[in-house]
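Colleague: predicted model follows, preceded by the sequence.
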Amino acid sequence: MVPTLTNVAAGIPSSKVKYSKLSSPDGGHMSLKFKKSPTNIPYKAIACATLQFLIGAFLIITGCLLLAGYISKTGANRAFPVLTVGILVSLPGCYHLIIAYKAHRGCQGYSYRDLPDCDD
């Protein structure tokens with residue numbers, strides 16, 4: 001005995017199911033889930049990330065110049081704290097600038113929604 005395929009929901013054998021073509025491909029239903037919404041570029045977040053990166057880069061350069069002895073002869077007493085703060089300030093700025101750049105380029109997996117919300 002060969003089992004026959006049945007429509008599980010209705011219990012109707014598959015040979016008795018009639019199919020008809022829909023009038024439109026989406027059946028008159030319009031899904032907004034798949035529509036692209038206009039991208040709102042978070043200018044404040046990008047400006048904050050740029051400022052963080054520039055301040056961090058300035059502090060890193062200043063720390064390197066202090067360590068080399070070009071600015072003053074104090075040496076590592078002032079250089080390491082300046083370098084540490086510079087690195088800690090520039091890392092999040094660089095990270096958010098990379099996200100903004102890749103979102104602008106349209107790379108898959110990156111969007112402006114990944115940036116922090118600076119609107120108060």
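Modeller: It's in.

Colleague: tell me the mean pLDDT for the lengthiest helix in the chain?
Modeller: Using DSSP state H to assign secondary structure, the helix with the most residues in the chain is helix 76-105. Across helix 76-105, pLDDT averages out at 92.

Colleague: for that helix, buried residues please.
Modeller: 79, 82-83, 85-86, 89-90, 93, 96-97, 99-100, 103 (16 or more other C-beta atoms under 10 Å). To be clear about C-beta, it is placed using only N, CA and C from the backbone, and glycine gets the same treatment.

Colleague: before we move on, what about stretch 65-75?
Modeller: Taking 16+ other C-beta under 10 Å as the criterion, stretch 65-75 shows L66, L67 as buried.

Colleague: any idea how far L88 lies from G63?
Modeller: Separation of L88 from G63 (C-beta to C-beta, to the nearest Å): 12 Å.

Colleague: ok, now Q108?
Modeller: 37 Å.

Colleague: those two: which is more packed in?
Modeller: Between Q108 and G63, G63 has the larger neighbour count (other C-beta atoms under 10 Å), namely 22 against 6.

Colleague: residues touching the more buried one, list them.
Modeller: Contact analysis of G63 by C-beta atoms under 8 Å, 6 or more residues apart in numbering lists A79, F80, V82, L83, G86.

Colleague: need those in JSON lines (columns: distance to Y43).
Modeller: Converted to JSON lines, these look like this (distance: C-beta to C-beta, whole Å):
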{"residue": "A79", "distance to Y43": "35"}
{"residue": "F80", "distance to Y43": "35"}
{"residue": "V82", "distance to Y43": "30"}
{"residue": "L83", "distance to Y43": "31"}
{"residue": "G86", "distance to Y43": "25"}
